[in-house]
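Asker: I would like to see how this sequence folds:
(one chain, ligands or ions: 1)
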Amino acid sequence: NESIVIKGKRFLVLKMIGRGGSSKVYQVLDQRNQLFAVKYVNLEEADPQTVESYKNEIEHLNHLQQYSDQIIKLYDYEITNSYIYMLMECGNLDLNTWLRNRKTVNPLERKFYWKNMLEAVQTIHKHGYLSICLELYLSSSVTIMFSKVPHTQTLHSIRVLLVFSVTFLCVGIVHSDLKPANFVIVNASLKLIDFGIANRIQPDVTSIMKDSQVGTLNYMPPEAIKDTSSQPGKASFKISTKGDVWSLGCIMYCMTYGKTPFQTITNQITKLHAIIDPTHEIEFPDIAEKDLLDVLKRCLVRNPRERISIAELLAHSYLKLQS
Ligand SMILES: CN1CCC(Oc2ccc(-c3[nH]nc4cccc(OCC5CCCCC5)c34)cc2)CC1
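Answerer: As a prediction, this is how the structure comes out:
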């Protein structure tokens with residue numbers, strides 16, 4: 001077996017976990033026989049935008065470590081002009097594979113995984129770009145308030161910061177491509193492994209397209225399809241945190257009914273129309289857990305403004321541990 005050296009530490013490669021265009025994820029052992037996941041990105045053929053997207057993802061992942069245990073741990077990383085190595089926490093199984101292998105889901109396990117997913121997504125919404133820039137703006141304006149600099153200079157710099165923060169307000173701080181393959185089971189809880197910034201990672205070559213869920217429409221919110229203002233590949237400001245609520249609702253729908261709401265529609269165009277068509281009623285077969293039924297119905301509301309929020313979902317009676 002080959003080995004990898006990251007920041008002077010040697011790791012033994014056990015197997016490849018998954019691969020994307022220019023990236024691969026390996027399961028490795030360190031000298032103390034600790035298990036890690038290493039994400040390797042080959043930058044030789046990567047264009048500057050791709051390189052930037054990876055650096056962006058590392059920055060985000062590094063920044064979010066401190067806020068929640070539901071974000072995969074990033075222990076170290078090494079960036080050169082030709083490659084990136086990210087030393088991360090290794091999970092047992094991604095949620096997509098887990099869902100495919102499980103016919104029935106234990107209701108308590110489902111409830112626990114739901115809480116983990118909500119906490120992970122709330123973390124990237126709360127501590128994404130938006131809050132960094134607001135914190136910057138607020139802290140700087142407070143310092144200016146108490147400093148002795150002449151007013152004209154002060155007002156000018158507040159204006160600059162205001163423009164800066166408003167611009168960031170428009171740039172999505174949401175994942176906007178959530179699906180089960182973005183979550184991994186580590187011991188008994190779910191953790192988010194990427195933020196939809198860098199290119200997709202598929203499982204190892206043996207598993208074909210369907211496993212990696214790359215480009216699946218099954219979790220896409222209606223507003224992302226209707227949003228004509230965004231060019232392909234551009235983060236559109238119309239996508240809000242509510243888009244992630246729709247995607248999480250689709251994941252939970254799958255954990256409840258064994259399939260996503262529009263999975264039976266195989267033609268991709270027909271599927272897109274169904275997702276945005278208000279007359280296409282999503283079926284909610286009756287289940288014992290009435291609270292869960294309510295959660296699903298409130299997540300899968302086509303109008304993002306009427307859709308339930310992450311904060312309301314975390315306060316929802318479904319997550320109370322009475323049952
Ligand atoms: C199909 N087969 C795959 C291996 C194994 O499942 C996983 C094990 C570990 C993990 C993982 N841990 N830390 C991880 C840190 C980053 C990325 C990670 O995966 C990336 C990508 C791997 C393919 C599936 C989608 C996620 C990471 C993830 C899947 C068993 C099922």
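Asker: Test of understanding: give the bridge partners of the closest residue to the ligand within the chain.
Answerer: Closest to the ligand within the chain is residue 18: 2.6 Å, counting by Cβ to the nearest ligand atom. All C-beta atoms are positioned from the backbone trio N, CA, C, and that covers glycine. Going by DSSP bridges, residue 18 is paired in beta bridges with residue 25, residue 203.
Asker: isn't it right up against residue 26?
Answerer: No - between residue 18 and residue 26 there is no contact under Cβ atoms under 8 Å: 9.1 Å.
Asker: ok, residue 251 to residue 11 distance?
Answerer: Using Cβ to Cβ, to the nearest Å, residue 251 is found at 32 Å from residue 11.
Asker: contacting residues for residue 182?
Answerer: 95, 175, 192-194, 196 (Cβ atoms under 8 Å, 6 or more residues apart in numbering).
Asker: cool, and residue 90?
Answerer: 27, 35-37, 186.
Asker: Could you single out the nearest of those residues to residue 45?
Answerer: Of all the contacts of residue 90, residue 37 has the smallest distance to residue 45: 23.1 Å, by Cβ to Cβ.
Asker: where does that closest one land in three-state SS?
Answerer: At residue 37, secondary structure determined by DSSP: H, G, I helix; E, B strand; the rest coil is strand.
Asker: any idea how far residue 312 is from the residue lying closest to it once chain neighbours are set aside?
Answerer: Spatial nearest neighbour of residue 37, chain neighbours left out: residue 90 (4.1 Å); criterion: Cβ to Cβ, 6 or more residues apart in numbering. Applying Cβ to Cβ, the value for residue 90 to residue 312 is 34 Å.
Asker: same check, this time on residue 100
Answerer: Taken as Cβ to Cβ, the span from residue 100 to residue 312 is 30 Å.
Asker: Would you mind writing the CA trace of stretch 6-20 as PDB?
Answerer: In PDB, the C-alpha atoms belonging to stretch 6-20 read as follows (Å, rounded to 0.1, in the frame of the first residue of the first chain):
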ATOM      1  CA  ILE A   6       0.900  15.600   5.100                       C
ATOM      2  CA  LYS A   7       2.800  18.300   7.000                       C
ATOM      3  CA  GLY A   8       5.600  15.800   7.700                       C
ATOM      4  CA  LYS A   9       3.200  13.100   9.100                       C
ATOM      5  CA  ARG A  10       3.000   9.800   7.200                       C
ATOM      6  CA  PHE A  11      -0.300   8.000   6.500                       C
ATOM      7  CA  LEU A  12      -0.800   4.500   5.100                       C
ATOM      8  CA  VAL A  13      -3.500   4.400   2.400                       C
ATOM      9  CA  LEU A  14      -6.100   1.700   3.100                       C
ATOM     10  CA  LYS A  15      -8.600   2.200   0.300                       C
ATOM     11  CA  MET A  16     -10.200   4.800  -1.900                       C
ATOM     12  CA  ILE A  17     -13.600   6.000  -0.500                       C
ATOM     13  CA  GLY A  18     -14.700   8.100  -3.400                       C
ATOM     14  CA  ARG A  19     -13.600  10.200  -6.300                       C
ATOM     15  CA  GLY A  20     -14.600  13.300  -8.200                       C
END
